[in-house]
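**Q** Provided below for reference: sequence and predicted model.
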Amino acid sequence: GDSVTQMEGPVTLSEEAFLTINCTYTATGYPSLFWYVQYPGEGLQLLLKATKADDKGSNKGFEATYRKETTSFHLEKGSVQVSDSAVYFCALSGSGGSNYKLTFGKGTLLTVNP
Amino acid sequence: NAGVTQTPKFRVLKTGQSMTLLCAQDMNHEYMYWYRQDPGMGLRLIHYSVGEGTTAKGEVPDGYNVSRLKKQNFLLGLESAAPSQTSVYFCASSGQRQGTYGYTFGSGTRLTVV
């Protein structure tokens, strides 16, 4: 079945550092890929998405590129801020009949210190 | 504001008690989901619904029941609560094109079973 593997956290960075959170997936067909963010005490919010190979999703300075050849969707940001401290989830939706279900990674806790 | 509303936000139950968590969405979404979030486990799908009057089991359905009598509401029931059901519960909904737009999440219900 479909699965998502994220780098384990926690990740602790200083403000303005470069961020990479690795995400790889296993799926049949052509899934859509997502990054969700969960701020403390809140639900998950969609951060960015990509629906086909080589697409780049971007939002709030975050980027991720759908790489089918390496089955990856790594999240990057050039300069993190304290306000980026949150848990980040990589997710995929399968193609075909099960495309309404999301499969999530276990999440990566990011803490950014001033 | 449009979105997904969960009630209650917090609850403490004694072992063996029952309760119902309510999820309501006002986006006319077809699909609705219940997840639980536990430390180190990410989000795990409990039950989901692909339309009014339908429900299906997810990854961890044991000990829970659901109903979707109206399109906008999705109820999660615990008939006899157990300490293992201590968790944060999230409801989510999605439209026909969730593969493109992803899910909308509620803000969660923190349940403690003592």
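**A** Great, that's in hand. Residues are numbered from 1 along each chain as shown, chains lettered A, B, ... in the order given.
**Q** residue B:40 and residue A:106 touch, don't they?
**A** Yes: judged on Cβ atoms under 8 Å, residue B:40 makes contact with residue A:106 at a distance of 6.7 Å. No exception for glycine: its C-beta is placed from N, CA and C like everyone else's.
**Q** of those two, which one has the most company?
**A** Neighbour comparison, residue B:40 and residue A:106: the larger count goes to residue A:106, with 20 against 7 (by other Cβ atoms under 10 Å in any protein chain shown).
**Q** could you look up the SS state of the more buried one?
**A** Using DSSP: H, G, I helix; E, B strand; the rest coil, the structure places residue A:106 in coil.
**Q** grab the nearest non-local neighbour of it.
**A** Distance criterion Cβ to Cβ, 6 or more residues apart in numbering or on different chains; nearest residue to residue A:106, sequence neighbours excluded, is residue B:42 at 3.7 Å.
**Q** next, count neighbours for the one you found.
**A** 20.
**Q** for residue A:102, see how far away it is.
**A** 11 Å (Cβ to Cβ, to the nearest Å).
**Q** what does the helix or strand bottoming out on mean pLDDT in chain A contact?
**A** Of all helical and strand segments in chain A, the minimum by mean pLDDT, DSSP states H and E falls on strand A:102-104, at a mean of 88. Strand A:102-104 has contacts (Cβ atoms under 8 Å, 6 or more residues apart in numbering or on different chains) with A:1-4, A:27, A:34, A:36, A:89-94, B:42-43, B:98, B:102-103.
**Q** same thing with stretch B:24-31?
**A** With Cβ under 8 Å, 6+ apart, stretch B:24-31 has contacts from A:100, B:2-5, B:7, B:32, B:48-51, B:71-74, B:91, B:93-96, B:98, B:104.
**Q** in ChimeraX, select just the buried ones from those residues.
**A** The ChimeraX selection below is limited to those of those classed as buried (16 or more other Cβ atoms under 10 Å in any protein chain shown):
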select /A:100 /B:4,5,32,48,49,71,72,73,74,91,93,94,95,98,104
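**Q** tell me, what's the model's pLDDT at the residue with the shortest distance to the centre of chain B?
**A** Nearest to the geometric centre of chain B sits residue B:34, at 2.8 Å (Cα atoms, centre = their mean). pLDDT for residue B:34: 97.
**Q** host element of it?
**A** strand B:31-38 (DSSP states H and E).
**Q** from the chain's centroid, how far away is that strand?
**A** Distance of strand B:31-38 from its chain centroid, counting by Cα atoms, centre = their mean, to the nearest Å, is 5 Å.
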